[in-house]
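J.: Could you look at this predicted model? Sequence included:
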Amino acid sequence: MPSPVGNMEWFCFILAVAGALTLLGAPMRHDRAWSLGLVIGVAVMCLTGAVALQWRRTHQTAASRKWSATLPREGRSDGYVSSDTCQACHPAQYASWHRTYHRTMTQFARPSTVLGLFGNVTLDTDNSTFNLERRADEFWVHITDSERTAEPAVASSPAPNRPAQPWRISKRISLLTGSHHMQALWVRSGQGNGQFILPFIYLIEASRWVPRDDVFLGLPLANAGHQEWNSVCINCHTTAGQPRLQGKSGTRDTRVAELGIACEACHGPAGEHVRQNQAPQRRYHMHTTRQADATIINPQRLSKERSSQVCGNCHSIKHIPDRPDWAENGFRYRPGDDLEHITPLIRPTQLDSQPQMKAFLQRFPDFIENRFWSDGMVRVSGREYNGLIETPCYQRGQLSCLSCHSMHQSDPDDQLGARMETNEACLQCHETYRHRLEAHTHHPPDSSGSECYNCHMSHTTYGLLKAIRSHQIDSPAVLSSLKTGRPNACNLCHLDQSLGWTAQHLSEWFGIAKVQLTGEEQATSAALLWLLRGDAGQRALIAWSMGWEPAKLASGQAWLPPFLAQLLDDPYSAVRYIAQRSLRRIAGYQDLAYDFVGPAAERLHARQWALEKWRLTQPKGLARAGSRLLIDSTGALQQDIVENLQRQRNNRSVNLDE
């Protein structure tokens, strides 16, 4: 709605134009008194308009200052200068960084940054309604809570027999987190510039709002909707964040060098670098001699350990010491420091040598289980550094994050350098395999089975509603799958084959000793065993793999629908989402009518629809696969065996902390 001041400005402007046009015709009337009066009138109207305009600008400036005080402050005086300063001398590097999702990890809410749909959007939780509205360049949420009540604003004191009114409040969206897969919204908490998350996430892939609990692989948490940006997300989603939490008062005076992951997150504070390089002769000397500039950190010039730690500062699971000054100043780590000395990693395989971790883990007994497989391999996304340092290529070789990834010579999606999505990523060190690839992989050289990372960096990490490659490079092993429950690379691609089949081939090809298997493990598809009786994390990985093109090419896809259909009614929302996405990628199921957060009855109906469609349209020849696909000699699903395996499902509570 236009403001009254804005309407008055337009009114005065129109009167002024009309007066001016009339004045132009005044000499023709030879009425000097009339003309003088008109001039005075027009002058008064113009003056009134100018005063109104100035009042509005002053009012807007005051409102803007008041609003800015509720936001985390950008800029620090201890050597940080911002990425815009870097742009002047490094335009190419600035441009390549600017197109990355690192830059847009945290942003102020503006028309150019908000991705979610606003305007006539109503979102509901069990007790609250959230109405989203856009006002010009501002984004607002109006919250109505049916369980919280407040007295009517017009009543000076509680009125007898008057029913309590639902609690209502309006808040302007202040910050955004994410811009690649999903986007979260933050509003001011009322405690300084504290920020609380809204209980909805915008899924970019699906172009829709979803309750926050439903986009993570876990059961709903009691306080998930009260997450505070200032003490959690600031750690890795900004550059040099300082929480500045005032303990007793609860006030937040948070500031950051820059929102998002900017130049100085990787290169360190650049103030001294800028100061010294204002001298042209120094710049020329450094350029011609190609010397390292000691006033700035270049990760490419660091050792493999220190360069990887630059990434590991955020991409790791680490211990935050109980330091008295953390609430004020945040992490002390700066690029080039020893990360292990400041915030040691949590490594399940070395807990005996990390006594400071034991007390921490006693307070949080599920911490390890929600982040690692039982042998210590990371199973959640965004923690690649933990996997890297457990890898022989790092421990005994020269592998680092920068061996494959680049912020400046890469695609913005995975930050992979040139040709690092091919076998060149591995052949740069393992050159001897270049001309004997098929002899090593036992797959055609141009097939996905001969792509190094499909076997040695399989999709056993979970996050962002998908499976992600593990960054702990290892080799397929049936024994590891039995001990940890982690799917192995062979059975993640050959979804139709059993653990017995995998064990046989690994024995024949690489001399790996066979292990004792049950009858089901010998004869039944390993993927189906994980899908039907595994925990929620295993089910999510298999559901994703059933939509992965290399796996569908290796295994066929005609037999997949009835098993993906089983997951449409899974207790975990994330599993349901992944299953429906994979199912819709199969011909004939693109138009599946299904809402993964819809009512249980509707989800069950979609499950039955998919099962019936498969029964009526299943191709001939599936019976030849025998019992390993749980399909009988007539081509029908062995429903009794499927249900028996489902009764064995691991129903432990899973909350994978991405």
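T.: Yes, it's here. Residues are numbered from 1 along each chain as shown.

J.: Just the C-alphas of stretch 628-648, formatted as PDB.
T.: The C-alpha trace of stretch 628-648 is given here as PDB (Å, rounded to 0.1, in the frame of the first residue of the first chain):
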ATOM      1  CA  ARG A 628      17.600 -62.100  -5.700                       C
ATOM      2  CA  LEU A 629      15.100 -59.500  -6.900                       C
ATOM      3  CA  LEU A 630      12.300 -61.000  -4.800                       C
ATOM      4  CA  ILE A 631      10.300 -61.700  -7.900                       C
ATOM      5  CA  ASP A 632       8.800 -65.200  -8.400                       C
ATOM      6  CA  SER A 633       8.700 -67.400 -11.400                       C
ATOM      7  CA  THR A 634       5.500 -65.700 -12.700                       C
ATOM      8  CA  GLY A 635       7.100 -62.300 -12.500                       C
ATOM      9  CA  ALA A 636       5.100 -61.200  -9.500                       C
ATOM     10  CA  LEU A 637       6.500 -59.600  -6.400                       C
ATOM     11  CA  GLN A 638       7.300 -62.000  -3.500                       C
ATOM     12  CA  GLN A 639       5.200 -59.900  -1.200                       C
ATOM     13  CA  ASP A 640       5.500 -62.300   1.800                       C
ATOM     14  CA  ILE A 641       9.300 -62.100   1.700                       C
ATOM     15  CA  VAL A 642       9.200 -58.300   1.300                       C
ATOM     16  CA  GLU A 643       6.900 -57.900   4.300                       C
ATOM     17  CA  ASN A 644       9.100 -60.200   6.400                       C
ATOM     18  CA  LEU A 645      12.200 -58.200   5.600                       C
ATOM     19  CA  GLN A 646      10.300 -55.000   6.400                       C
ATOM     20  CA  ARG A 647       9.400 -56.400   9.800                       C
ATOM     21  CA  GLN A 648      13.100 -56.800  10.500                       C
END
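
J.: And that stretch, how far out from the chain middle?
T.: 37 Å (C-alpha atoms, centre = their mean, to the nearest Å).

J.: Repeat that for stretch 77-84.
T.: 26 Å.

J.: Same question for stretch 198-205.
T.: 11 Å.

J.: Give me the buried stretch members for that stretch, please.
T.: Across stretch 198-205, burial judged by 16 or more other C-beta atoms under 10 Å covers 198-203. Every residue, glycine included, has its C-beta placed from N, CA and C.

J.: same thing with stretch 501-519?
T.: 501-503, 505-506, 512, 515, 517.

J.: Let me know the closest of these to V114.
T.: Nearest to V114 among those, counting by C-beta to C-beta, is T502 at 47.4 Å.

J.: wait, is the closest one part of a strand?
T.: No - counting by DSSP: H, G, I helix; E, B strand; the rest coil, T502 is not part of a strand but helix.

J.: my read: it touches V478, true?
T.: Yes - counting by C-beta atoms under 8 Å, T502 touches V478, with 5.5 Å between them.

J.: Quick check: neighbours shared by those two?
T.: Common contact partners of T502 and V478 (C-beta atoms under 8 Å, 6 or more residues apart in numbering): N488.

J.: circling back: would you format the buried residues of stretch 198-205 as CSV with distance to R306, pLDDT and secondary structure included?
T.: As requested, these are exported to CSV (distance: C-beta to C-beta, whole Å; pLDDT from 0 to 100; DSSP: H, G, I helix; E, B strand; the rest coil):
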residue, distance to R306, pLDDT, secondary structure
L198, 39, 95, strand
P199, 40, 94, strand
F200, 40, 96, strand
I201, 35, 97, strand
Y202, 37, 98, strand
L203, 37, 98, strand
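
J.: Which pLDDT does the model give I40?
T.: Looking at I40, its pLDDT reads 73.

J.: and if you look at the one 10 residues further on?
T.: At A50, the pLDDT value in this model is 61.

J.: just V154 next, same as before
T.: pLDDT at V154 comes out at 35.

J.: just Q362 next, same as before
T.: In this model, Q362 carries a pLDDT of 83.

J.: What of the one 4 residues further on?
T.: pLDDT, the model's per-residue confidence, is 90 for D366.

J.: Spit out the contact partners of the residue nearest to it when sequence neighbours are not counted.
T.: Computed as C-beta to C-beta, 6 or more residues apart in numbering, the closest residue to D366 that is not its neighbour in sequence is N655, at 7.3 Å. N655 makes contact with 216-219, 221, 366, 370 under the criterion C-beta under 8 Å, 6+ apart.

J.: Equivalent analysis for C311, please.
T.: Counting by C-beta under 8 Å, 6+ apart, C311 has contacts 384-385, 401, 405.

J.: Most widely separated two among these?
T.: Pairwise over the contacts of C311, using C-beta to C-beta, the maximum falls at Y385 and H405, 11.4 Å.

J.: what helix or strand does R168 sit in?
T.: strand 165-177 (DSSP states H and E).

J.: quick one: strands adjacent to that strand?
T.: strand 106-108 (antiparallel), strand 138-150 (antiparallel), strand 182-188 (antiparallel) (DSSP bridges).

J.: Need the CA coordinates for the second one. PDB is fine.
T.: Looking back up the chat, that one is strand 138-150. The C-alpha atoms that make up strand 138-150 are tabulated as PDB, following Å, rounded to 0.1, in the frame of the first residue of the first chain:
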ATOM      1  CA  GLU A 138      11.100  -5.900   1.700                       C
ATOM      2  CA  PHE A 139      10.000  -9.500   2.700                       C
ATOM      3  CA  TRP A 140       7.700 -10.100   5.600                       C
ATOM      4  CA  VAL A 141       6.200 -12.900   7.600                       C
ATOM      5  CA  HIS A 142       3.100 -12.600   9.600                       C
ATOM      6  CA  ILE A 143       2.900 -15.300  12.300                       C
ATOM      7  CA  THR A 144      -0.300 -16.400  14.100                       C
ATOM      8  CA  ASP A 145       0.000 -18.800  16.900                       C
ATOM      9  CA  SER A 146      -3.200 -20.500  18.000                       C
ATOM     10  CA  GLU A 147      -1.800 -21.800  21.300                       C
ATOM     11  CA  ARG A 148      -0.100 -18.600  22.400                       C
ATOM     12  CA  THR A 149      -2.600 -15.900  23.400                       C
ATOM     13  CA  ALA A 150      -2.400 -12.200  24.000                       C
END
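
J.: if I read this right, E264 contacts A240, doesn't it?
T.: Yes - between E264 and A240 there is a contact under C-beta under 8 Å: 6.7 Å.

J.: Give me the common contacts of those two.
T.: 80, 257-258.

J.: Give me the contact list for stretch 207-215.
T.: 116-117, 121, 123, 125, 182, 184, 197-203, 220-221, 224-225, 465, 573-574, 577, 596-597.

J.: Show me just the buried residues among the residues you listed.
T.: 116, 123, 125, 182, 184, 197-203, 225, 465, 573-574, 577, 596.

J.: re the thing from before, compare E264 and A240 (neighbour count), which wins?
T.: For the pair E264 and A240, the greater number of neighbours falls to E264 (27 against 23), based on other C-beta atoms under 10 Å.

J.: Surely the more buried one forms part of a helix?
T.: Yes - residue state for E264 (three-state DSSP) corresponds to a helix.

J.: for it, what are its contacts?
T.: 80-83, 239-240, 257-258, 270.
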